[in-house]
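K.L.:
When you get a sec, could you give me coordinates for this:
(one chain, ligands or ions: 1)
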Amino acid sequence: MNKALYDKEIQCPVCKNLFSTKKMRTSAIRIEKRDTDFCVYYNGENPIFYGVFVCPNCGYAALESVFQEISPSGKKIILEKIGAKWEQRNFGSERDIYKAIEVYKLALLSGQLINQKKGILATLCLRLSWLYRYIDIERELDFTAHAVNCFEEAFRYEPLPIGNLDEVSLLYLLGELNRRLGKYDAAIDWFNKAVSNRDIKRKRKLDVMAREQWSLAKEEYKKQKEKNEAMAYAENEDLI
Ligand SMILES: [Zn+2]
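P.N.:
Predicted coordinates:
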């Protein structure tokens with residue numbers, strides 16, 4: 001038995017089914033390191049794997065923090081679009097990375113169907129990009145791109161914080177995700193907003209990271225521009 005995990009009893013807000021799912025003990029979480037887009041690596045069990053609950057009876061899935069928040073019309077949609085076709089499957093035991101990817105995709109499906117807040121969809125996509133990074137599969141950037149679209153919309157239309165991100169952390173993250181996608185001009189723009197936000201002075205680590213990644217994006221942007229110019233020149237001269 002894995003001592004880092006315990007069972008939690010939950011009632012599904014859609015079909016009222018009672019089920020049990022694993023959660024990770026906070027005391028067992030051991031952080032090893034973080035990437036520049038806040039992706040965390042753990043020694044031992046990974047709590048991200050257990051961040052989504054899935055009802056084994058109707059297939060409704062969501063992040064733990066919003067699992068109970070579903071409107072009457074949302075419940076109807078889930079029963080019609082997922083419940084009707086759902087083959088009973090249980091995600092309540094220990095999860096490996098592939099199971100984790102599956103539950104996050106199920107949560108994304110439920111979330112899209114019920115028109116969940118963009119900030120929540122963005123969080124799911126960001127975590128999916130991390131899960132793919134753990135196993136080094138190139139779908140990572142597909143989910144990074146989805147996360148950027150959702151975070152940008154959330155920033156425009158939804159109240160802060162977005163998930164657990166305050167304004168300045170979100171500005172930074174949008175810079176970093178755009179940089180990872182090779183969208184350097186957008187990245188520079190978001191990093192600019194982050195470093196000129198007055199709250200960043202209260203977050204020394206983020207301030208340092210924002211400046212580092214900002215200059216990295218500027219360098220990458222310059223290189224990309226030079227490459228494009230060289231290509232255009234070669235084409236002009238009929239060199240290629
Ligand atoms: Zn259910």
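
K.L.:
can you tell me which residues contact Cys214?
P.N.:
Not Cys; residue 214 is Trp. 175, 188, 191-192, 194-195 (C-beta atoms under 8 Å, 6 or more residues apart in numbering). The way it works is simple: take the backbone N, C-alpha and C, and place the C-beta from them, glycine included.

K.L.:
could you dump those to CSV with neighbour count, distance to Arg89 and secondary structure?
P.N.:
Shown next, in CSV, are those (neighbours: other C-beta atoms under 10 Å; distance: C-beta to C-beta, whole Å; DSSP: H, G, I helix; E, B strand; the rest coil):
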residue, neighbour count, distance to Arg89, secondary structure
Gly175, 27, 39, helix
Ile188, 19, 45, helix
Phe191, 27, 42, helix
Asn192, 15, 46, helix
Ala194, 28, 41, helix
Val195, 18, 46, helix
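
K.L.:
will you turn these into CSV that also has pLDDT and distance to the ion?
P.N.:
Putting the contacts of Trp214 into CSV (pLDDT from 0 to 100; distance: C-beta to the ion, whole Å) gives the following:
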residue, pLDDT, distance to the ion
Gly175, 98, 39
Ile188, 97, 45
Phe191, 98, 43
Asn192, 97, 45
Ala194, 97, 40
Val195, 96, 45
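
K.L.:
between the residues you listed, which is nearest Ala145?
P.N.:
Within the contacts of Trp214, the smallest distance to Ala145 is 15.0 Å, found for Gly175 (C-beta to C-beta).

K.L.:
Please report how far the closest one lies from Glu87.
P.N.:
Gly175 is 42 Å from Glu87, where distance means C-beta to C-beta, to the nearest Å.

K.L.:
same deal with Tyr172?
P.N.:
Taken as C-beta to C-beta, the span from Tyr172 to Glu87 is 42 Å.

K.L.:
distance between the helix or strand where Lys227 lies and the chain's centre?
P.N.:
According to DSSP states H and E, Lys227 maps onto helix 204-236. Helix 204-236 sits 25 Å away from the centroid of its parent chain (C-alpha atoms, centre = their mean, to the nearest Å).

K.L.:
Would you mark the buried spots in it?
P.N.:
206-207, 209-210, 213-214, 216-217, 221 (16 or more other C-beta atoms under 10 Å).

K.L.:
thinking again about what came up before, mind checking which of Tyr172 and Glu87 has more residues around it?
P.N.:
Tyr172 (28 against 5; other C-beta atoms under 10 Å).

K.L.:
For the more buried one, list the residues it contacts.
P.N.:
Contacts for Tyr172 (C-beta under 8 Å, 6+ apart) come out as 190-191, 194, 206, 209-210, 213.

K.L.:
Let's see that with 10 Å instead.
P.N.:
Neighbour list for Tyr172: 36-38, 165, 190-191, 193-195, 197, 200, 203, 206-207, 209-210, 213-214 [criterion: C-beta atoms under 10 Å, 6 or more residues apart in numbering].

K.L.:
Now do the helix or strand where Lys76 lies: everything it contacts.
P.N.:
Take DSSP H and E as the rule and Lys76 turns out to sit in helix 72-78. Identification of contacts with helix 72-78 by C-beta under 10 Å, 6+ apart yields 12-15, 55, 58-62, 70-71, 83-84, 86, 109-111, 113-116.
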